[in-house]
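*Asks:* can't give you the sequence, but here's the structure:
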């Protein structure tokens with residue numbers, strides 16, 4: 001084998017090694033930042049006010065490996081928001097006094113609203129850095145059922161989506177009002193701070209895509 005051939009072969013082998021290592025690094029990067037995982041709850045666990053809290057925690061622990069820490073404390077927190085406010089019923093859009101839950105809020109707290117400007121809906125994110133900045137009451141859907149729980153491992157955040165009850169809350173309204181209520185929901189976001197789960201974000205959605 002000539003010197004030129006040997007040099008070309010060495011270059012080819014080096015390129016192959018670099019390509020393999022780059023592919024492995026890309027694979028590791030992909031694995032390090034997974035997309036949020038969703039857990040759709042069975043009917044017997046969807047009403048957090050009436051469901052067995054230990055069964056809910058077990059379902060979450062089985063779904064995410066390794067299991068999340070302090071699931072019991074998170075369940076108690078969700079029950080306090082959902083059940084203390086709603087009494088296990090879906091109450092529709094209500095002005096909720098979050099200041100009463102000061103100890104359960106993690107600042108900065110993000111609040112997402114949809115505003116219509118010039119006939120176009122616009123997503124607006126508001127950030128509150130203290131209880132003094134919070135309005136006395138804010139509108140969002142109050143209900144005791146969870147439709148879906150999502151865990152974002154990269155952000156270390158749990159999201160619980162509380163859906164509308166459908167036509168029960170607006171049974172006397174128009175057909176369009178019933179359709180809106182069937183699509184409405186509120187997503188509560190929770191993050192850990194000093195080992196405790198605290199409410200870190202709220203996103204009311206009156207009419208998402210069904």
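*Replies:* Arrived safely. For clarity, every value in this text was computed on a predicted model and none was experimentally measured.
*Asks:* Name the SS class of residue 79, please.
*Replies:* helix (DSSP: H, G, I helix; E, B strand; the rest coil).
*Asks:* Contact partners for it?
*Replies:* Applying C-beta atoms under 8 Å, 6 or more residues apart in numbering to residue 79 gives the contacts 48, 49, 53. For the C-beta atoms, the positions are set from N, CA and C on the backbone; glycine is no exception.
*Asks:* ok now stretch 123-141, how far from the chain's centre?
*Replies:* Here stretch 123-141 is found 17 Å from its chain centre; the criterion is C-alpha atoms, centre = their mean, to the nearest Å.
*Asks:* Pull up the pairing partners for the longest strand along the chain, direction included.
*Replies:* Longest strand of the chain, by residue count under DSSP state E: strand 105-117. Sheet partners assigned to strand 105-117 using DSSP bridges are listed as strand 120-128 (antiparallel), strand 196-205 (parallel).
*Asks:* which of the residues in that strand are buried?
*Replies:* 105, 106, 107, 109, 111, 113 (16 or more other C-beta atoms under 10 Å).
*Asks:* coming back round to it: closest to residue 59 out of the contacts of residue 79?
*Replies:* residue 53 (10.8 Å; C-beta to C-beta).
*Asks:* wouldn't the closest one be in contact with residue 73 here?
*Replies:* No - in this structure, residue 53 is not within contact of residue 73 by C-beta atoms under 8 Å, at 10.8 Å.
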